[in-house]
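Peer 1: Quick one: sequence plus predicted model below, questions after.
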Amino acid sequence: MRRLLRHSLIALCSAALHEPAYALATYEAVGALRDTGCCHGATGIAAGDIDGDGRDEIVFGSGDSQHPPTANHWSLLEFDGKRSLYQLRWQSPPYLPPVTSVNLVQAGQSGWLVLVGLSSGEVEVIDALTLARIGLLPATNQPILATAVADADNDGAPDIVIVTEAVTVLYDAETLEETARLPFGAPLLRIGNVDADDAVELVYSSGHVVEQAGTGTTLEWDYSNNGFGVDIELLDVDDDGIAEILATKGGGLRAFDAQTETTQWVRHTGKQILSFTVRDVARTRGPSFSCSATGMTASTSSTAGRCRARLSRRARDLDRIRR
Ligand SMILES: [Ca+2]
Ligand SMILES: [Ca+2]
Ligand SMILES: [Ca+2]
Ligand SMILES: [Ca+2]
């Protein structure tokens, strides 16, 4: 808990990262939005310096998967230094089947990729720099819930990881060849080292901790009777060199130790936690823990000013939790 106390608790105005959410609010505030969809960022928002100019670009999906007609495209924003705001650089044509997950990832020599997960279970792989479609991964026939790039099978090479409610599929990030299929799925997956062995684990919000070594799959901890929570992140909160599993459920925030298979601590916020991330948003020396306790997505309609005001109010709410 020491690290949590050392860094301030900071509220975010989006389920995604602070800066992209803020930039998206700025972008919408100037009225530059030309699409008529809704819920911008609802199917994913991610940032990265795609063109290497020192400034992040932002990729986000639009629409709400509960209302498929509107969940049908994604957009790329680029910073306009002259006007000091983000501008729409590109917007996809409408998709059918609808988009369910959008992510921007860095995949070794492949550079920056946009992964567009569809309700059909396919994932489009797009070169983020040229916007050319370079592959279509027929992962499953279930909606894509999440995507990631990490060395999930511990062979030293990056993998594209595709997650649905019931299955996880790994692809070689260079060749786009399928390399493994795991019988685990969940709304949310995090990948990191959460125990004493050097391998990274796949940590599912459903409560499964899985180690993949090549094509061999080992279930290392089954907490699925309870599940870790709605939203999970991995962070070494006790400075022992091994990440804990941080999870939110209702108004509670829990830290799980996968090595001892125990709950390390519980915090009750007294409010419904709707979004949560771990990020050095305060530019402190290490990662901060951040969450939104009252729930609002700035990327839908808020102006930058309103976003700031809500941020500060939430920061006070969370400061009370800290004490
Ligand atoms: Ca850039
Ligand atoms: Ca690998
Ligand atoms: Ca490990
Ligand atoms: Ca630890």
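Peer 2: Arrived safely. Numbers count the residues shown, from 1 in each chain. Ligands and ions are numbered 1, 2, ... in the order given.

Peer 1: Low-confidence ranges, this structure, go.
Peer 2: 1-40, 63-71, 269-271, 274-323 (pLDDT under 70).

Peer 1: which residues of the stretch 1-150 of the chain fall in helices?
Peer 2: If DSSP state H, counting those that start in this stretch is used as the criterion, the helices of the stretch 1-150 of the chain fall at 2-6, 18-29.

Peer 1: And the stretch 151-300 of the chain, by the same measure?
Peer 2: With DSSP H, counting those that start in this stretch as the definition, the stretch 151-300 of the chain shows helices at residue ranges 298-301.

Peer 1: need the residues of it near ligand 2, please.
Peer 2: Proximity of the stretch 151-300 of the chain to ligand 2 is assessed by C-beta under 5 Å from the ion, with 151, 153, 155, 157, 159 identified as the residues in range. C-beta here means a position set from N, CA and C on the backbone, and glycine is covered the same way.

Peer 1: how about a cut-off of 8 Å?
Peer 2: Proximity of the stretch 151-300 of the chain to ligand 2 is assessed by C-beta under 8 Å from the ion, with 151-159, 170, 172-173, 179 identified as the residues in range.

Peer 1: Filter those residues down to the buried ones.
Peer 2: Neighbour counting with 16 or more other C-beta atoms under 10 Å marks 151-154, 158-159, 170, 172-173, 179 as buried within those.

Peer 1: possible to save the residues you listed as CSV with distance to ligand 4?
Peer 2: As requested, those are arranged in CSV below (distance: C-beta to the ion, whole Å):
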residue, distance to ligand 4
151, 21
152, 21
153, 24
154, 20
158, 25
159, 25
170, 26
172, 31
173, 28
179, 30
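
Peer 1: Which of the residues you listed fall within strands?
Peer 2: Within these, residues falling in strands by DSSP state E are 159, 170, 172, 179.

Peer 1: how close does the second one sit to residue 215?
Peer 2: From residue 170 over to residue 215 the distance is 9 Å, taken as C-beta to C-beta, to the nearest Å.

Peer 1: which residues do the two both contact?
Peer 2: With contacts defined as C-beta atoms under 8 Å, 6 or more residues apart in numbering, the residues shared by residue 170 and residue 215 are 153, 179-180.

Peer 1: Which of these sits closest to ligand 2?
Peer 2: residue 153 (4.4 Å; C-beta to the ion).

Peer 1: any idea how far residue 128 is from the residue nearest to the closest one when sequence neighbours are not counted?
Peer 2: Beyond its immediate neighbours in the sequence, the residue positioned closest to residue 153 (C-beta to C-beta, 6 or more residues apart in numbering) is residue 212, lying 4.5 Å away. Using C-beta to C-beta, one gets 26 Å for the distance from residue 212 to residue 128.

Peer 1: which of the two has more neighbours?
Peer 2: More neighbours sit around residue 212 than around the other of residue 212 and residue 128, counting by other C-beta atoms under 10 Å; the figures are 26 against 21.

Peer 1: so what's the more buried one up against?
Peer 2: If you count contacts by C-beta under 8 Å, 6+ apart, then residue 212 has 152-154, 170, 180, 182, 202, 218 around it.

Peer 1: Now for those residues: which two are most distant?
Peer 2: The span of the contacts of residue 212, defined through C-beta to C-beta, is set by 170 and 218 at 14.7 Å.

Peer 1: In the stretch 1-150 of the chain, what residue spans correspond to strands?
Peer 2: With DSSP state E, counting those that start in this stretch, the ranges of strands along the stretch 1-150 of the chain come out as 45-48, 57-62, 73-80, 85-91, 99-106, 112-118, 123-127, 133-137, 146-150.

Peer 1: looking at the ones you listed, which is buried most?
Peer 2: Sort these by mean neighbour count, taking mean count of other C-beta atoms under 10 Å, and strand 57-62 sits at the top with a mean of 27.

Peer 1: Packing partners of it?
Peer 2: Helices and strands touching strand 57-62, as assessed by 3 or more C-beta pairs under 8 Å, 6 or more residues apart in numbering; DSSP states H and E, comprise helix 18-29, strand 45-48, strand 73-80, strand 99-106.

Peer 1: same thing but 6 Å
Peer 2: When contacts are defined as 3 or more C-beta pairs under 6 Å, 6 or more residues apart in numbering; DSSP states H and E, strand 57-62 sits against strand 45-48, strand 73-80, strand 99-106.

Peer 1: what's the angle from it to strand 85-91?
Peer 2: Going by axes from the mean of the first three to the mean of the last three C-alpha atoms, to 10 degrees, strand 57-62 is angled at 60 degrees with respect to strand 85-91.

Peer 1: Pull up the pairing partners for strand 57-62, direction included.
Peer 2: Each strand that pairs with strand 57-62, with its direction, by DSSP bridges: strand 45-48 (antiparallel), strand 73-80 (antiparallel).
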